[in-house]
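Peer 1: Pasting the sequence and the predicted coordinates here, then a few questions.
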Amino acid sequence: TFITNDTAKLDPRPTSYEYIVIGGGTAGLAVANRLSVKHAVLVVERGPDIMDNEVVNNPFTPFGTPSPCHFSMTAPPQVGFNGTRLLPLTHGSCLGGGSSINAMMGSRPTFAGMSALEALGNPGWGWNDFLPYMQKSETFTPPNPQQHTDGADYIASAHGFSGPVGVSFANPLVAPVMQNAAINTSETIYGLSLSPDLGMGFSGGHVAHFYHHIHFNDTLKAERRSSSAWSYLYPKKESRRGLTVLTQHRVNSILMKAAKDGKGNITATGVLVESTEGGPILTFHATREIILSAGALYSPAILQRSGVGNSTFLKNLGIKPVLDLPGVGSNFQDQILLTNVSFPLAPGANTTDITAPGRVLLGDVVAHPTVRNAFGENGTDLLNSSVDFTLSVGGVVNAEAFSVQTALTANAYLMDHPIIELFFNPSPDSTALRAWSQSILPLSRGTVRINTTDPSADPIPNAHFLTVDADLQIAVRMARGIAQAAVTPPFSELIARDALERAGVPGVGASDEEVKTWVLATYTPGIHFIGSNSMMPKHLGGVVSPELRVYGTTNLRIADASILPLSVFPHTTLGLYGVAEKAADMILKAVDSSMWGS
Ligand SMILES: Cc1cc2nc3c(=O)[nH]c(=O)nc-3n(C[C@H](O)[C@H](O)[C@H](O)COP(=O)(O)OP(=O)(O)OC[C@H]3O[C@@H](n4cnc5c(N)ncnc54)[C@H](O)[C@@H]3O)c2cc1C
């Protein structure tokens, strides 16, 4: 593998590769790794290589600590209490992308979620077909006897044991006394039962220990973030003669030409690349395929700059349309988080038992209530929202797209897909226990659009958070879950009696209006952006086919979070490695079949 930020070092500079991967982030590096076993692959990554950065590598660095990989853009004003709110959209830009800065919480989709994805017109994406790809990516470290005594468990058949991505529980388990109290309390408030393993695809309300994307070396007793860079790129055994990685260079656009396949499809022939410091525009050609993996914020922007998107919109920006695909940048969505809820510890609490000085991870245990757990038997009545607003802002390309997605979401609810996440961890300074709640499967939809042809400018991502009523009602339930946890033993016994008041959370007796006010004033993005190049039928606004090929092209595929049409990955990363493995498999099989055919 050759990693450089200097094109002069590509000497003589090859101008042609078999495959070009745009974006060396979470999914991009995984795809590149698999393709480069037998093929010449160029990865172009806008951010730097920060291999030795301790802030990033140490999994116990307090979440959110700035690093050269942390970037943020501000979304257009979103709904808020008494008007609008400006919310930061954080993302990673370096080798590893989001996986180099995320909270490493490892979760997977459920059987119900993957059924919804498949029913949307994506054969081959159901749970049974998808599980082997998640397993292929993973080396799971089973809990040792002490971790097991402290509560961690697993189901071997769910996991992979020889893939590049390290998945393990912290060793020793972080604050097991706190974890077990949180589990018991969650069981009580939502009527849940303990699940041995989050990765088995279980639907139905459950509570479980989280594992994290951490490489754990039993001999060295060392733990390191298992970013995609530290999984698929840096380790010696993953080194590839055929792989070139160009960092600190941005792909401005993709070059296309009319193909001679007789079906009117176009072919992606190369990319225009520029150093992020400026300088000449370079052209690199791809002889086989181009794989777009710049993430849900940037992949639609690159397509739009390349003339792929809604033709009218492109013409208004002065861009010559190459392919009219109205779904590009539509169906954009994110979950929401209720965060920063910090319950001060009970006076005299034994902090070493219930907090973990220097070893905090986000989300040590997680509760996953379903709509039945959170709202009772009539919970699916929630989903009677009108399409009008979403349609007017371009969140869906037509009313049918919204009604199909609503129906699939309702069906997932009936199959007991979790709708809420409630998770807990100690505060980094060991003075408090923190509660967080995250929505799953939101219905609000928005857009990612460029507003200039300047390739150095960020696109405008507008998720229109909480604009569908069901999402707001679920958010109110999320806040109520946090309040209930604070007054329900045994968790309540670990925190101060007036913890709820001091945390500023509406009490259990607060009215729905009071809770809604608090939600609108405090919610933040879930930072699991998806959907902006959705995998679904073209007439519903789909951008890629189940083979992840951009409709109307012969050889342009997308492998990143933008292809997910529904938010069925509660946390995205482990599922995205599955997407990347499946993408690589489909690409390589296409080569094999063309060789047999020739
Ligand atoms: C702060 C934070 C916390 C999170 N916590 C969790 C968690 O605990 N668990 C979990 O599972 N998920 C978590 N996530 C979500 C998860 O990390 C992302 O969904 C995932 O990393 C997205 O992967 P991707 O491959 O789609 O894109 P990315 O990983 O974002 O990769 C895209 C790459 O493309 C590059 N790029 C963009 N434009 C260009 C261009 N024009 N040319 C070249 N390169 C370009 C970017 O620099 C980036 O490196 C978190 C995310 C964030 C930001």
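Peer 2: Right, received. Where do you want to start?

Peer 1: Do I have it right that Arg372 meets Leu382?
Peer 2: No - between Arg372 and Leu382 there is no contact under Cβ atoms under 8 Å: 11.7 Å. For the C-beta atoms, the positions are set from N, CA and C on the backbone; glycine is no exception.

Peer 1: out of the two, which sits in the busier spot?
Peer 2: Legend: neighbour count by other Cβ atoms under 10 Å for Arg372 and Leu382, higher for Leu382 (23 against 19).

Peer 1: Spell out which residues of the protein are next to the ligand.
Peer 2: Residues of the chain lying close to the ligand (Cβ under 6 Å from any ligand atom) are 22-28, 44-47, 90-93, 97-99, 101-105, 250-251, 293-296, 298, 302, 527-528, 560-561, 571-573, 576.

Peer 1: Filter those residues down to just the ones in strands.
Peer 2: 22, 44, 90-92, 105, 250-251 (DSSP state E).

Peer 1: From the structure, what's the count of residues near the closest residue to Gly24 other than its chain neighbours?
Peer 2: Computed as Cβ to Cβ, 6 or more residues apart in numbering, the closest residue to Gly24 that is not its neighbour in sequence is Glu45, at 3.2 Å. By the criterion of other Cβ under 10 Å, Glu45 has 31 neighbours.

Peer 1: now swap in the one 3 residues further on and tell me
Peer 2: Neighbouring residues of Pro48 were enumerated by other Cβ under 10 Å; the total is 16.

Peer 1: check contacts around it.
Peer 2: 5, 68-69, 94-95, 247-248 (Cβ atoms under 8 Å, 6 or more residues apart in numbering).

Peer 1: Touching stretch 121-133 from outside, list them.
Peer 2: Taking Cβ under 8 Å, 6+ apart as the rule, stretch 121-133 contacts 109-111, 114-115, 117-118, 158, 201, 535-537, 540, 542, 546, 577-579, 581-582, 585.

Peer 1: so which residue of this protein comes closest to the ligand?
Peer 2: Gly25 (1.8 Å; Cβ to the nearest ligand atom).

Peer 1: Surely that residue touches Ala294?
Peer 2: Yes - using Cβ under 8 Å, Gly25 is in contact with Ala294, at 7.3 Å.

Peer 1: who touches both of the two?
Peer 2: Residues within reach of Gly25 and of Ala294 at once, by Cβ under 8 Å, 6+ apart, are Asp560.

Peer 1: which of these two has more neighbours?
Peer 2: Gly25 (34 against 28).

Peer 1: Nearest residue to the more buried one in space, ignoring adjacent ones along the chain?
Peer 2: In space, Gly25 is closest to Gly97, 2.1 Å off (Cβ to Cβ, 6+ apart).

Peer 1: Check the one you found and give its pLDDT.
Peer 2: pLDDT for Gly97: 98.

Peer 1: and it, how many neighbours?
Peer 2: With other Cβ under 10 Å as criterion, Gly97 counts 33.

Peer 1: follow-up on the earlier one: between the contacts of Pro48, which is closest to His212?
Peer 2: Cys69 (17.8 Å; Cβ to Cβ).

Peer 1: Contact partners for the closest one?
Peer 2: 47-48, 50, 53, 56, 92-94, 96, 100-101.

Peer 1: So which of those wins on neighbours?
Peer 2: Gly96 (32 neighbours).

Peer 1: May I ask you to confirm that that residue is in contact with Leu29?
Peer 2: Yes - counting by Cβ under 8 Å, Leu29 is a contact partner of Gly96 at 6.9 Å.

Peer 1: who touches both of these two?
Peer 2: In contact with both Gly96 and Leu29: 228-229, 233, using Cβ under 8 Å, 6+ apart.

Peer 1: follow-up on the earlier one: which of the contacts of Cys69 fall in helices?
Peer 2: Val56 (DSSP state H).

Peer 1: Parallel or antiparallel, list what pairs with the helix or strand where Ile291 lies.
Peer 2: Assigned by DSSP states H and E, Ile291 belongs to strand 282-292. Counting by DSSP bridges, the strands paired with strand 282-292 are strand 16-22 (parallel), strand 266-275 (antiparallel), strand 556-558 (parallel).

Peer 1: Of all these, which one is nearest Thr1?
Peer 2: strand 16-22 (13.0 Å).

Peer 1: How many residues are close by the residue found closest to Gly295 once you drop the neighbours it is linked to in the chain?
Peer 2: Distances taken as Cβ to Cβ, 6+ apart place Asp560 nearest to Gly295, at 5.2 Å, with adjacent residues excluded. As a burial measure, Asp560 scores 34 neighbours (other Cβ under 10 Å).

Peer 1: got the contact list for Asp560?
Peer 2: With Cβ under 8 Å, 6+ apart, Asp560 has these contacts: 23, 25-28, 292-296, 299, 576, 579.

Peer 1: ok, 10 Å please
Peer 2: 22-23, 25-28, 31, 97-98, 291-299, 529-530, 532-533, 548, 572, 576, 579-580, 583 (Cβ atoms under 10 Å, 6 or more residues apart in numbering).

Peer 1: got a pLDDT number for Ala158?
Peer 2: 96.

Peer 1: Oh, that last question was meant for Asp49, not what I typed.
Peer 2: 98.

Peer 1: how about it, what does it touch?
Peer 2: 3-5, 24, 68, 94-96, 229, 233-234, 245, 247-248.

Peer 1: So Thr244, which state does it fall into?
Peer 2: When classified by DSSP: H, G, I helix; E, B strand; the rest coil, Thr244 comes out as strand.
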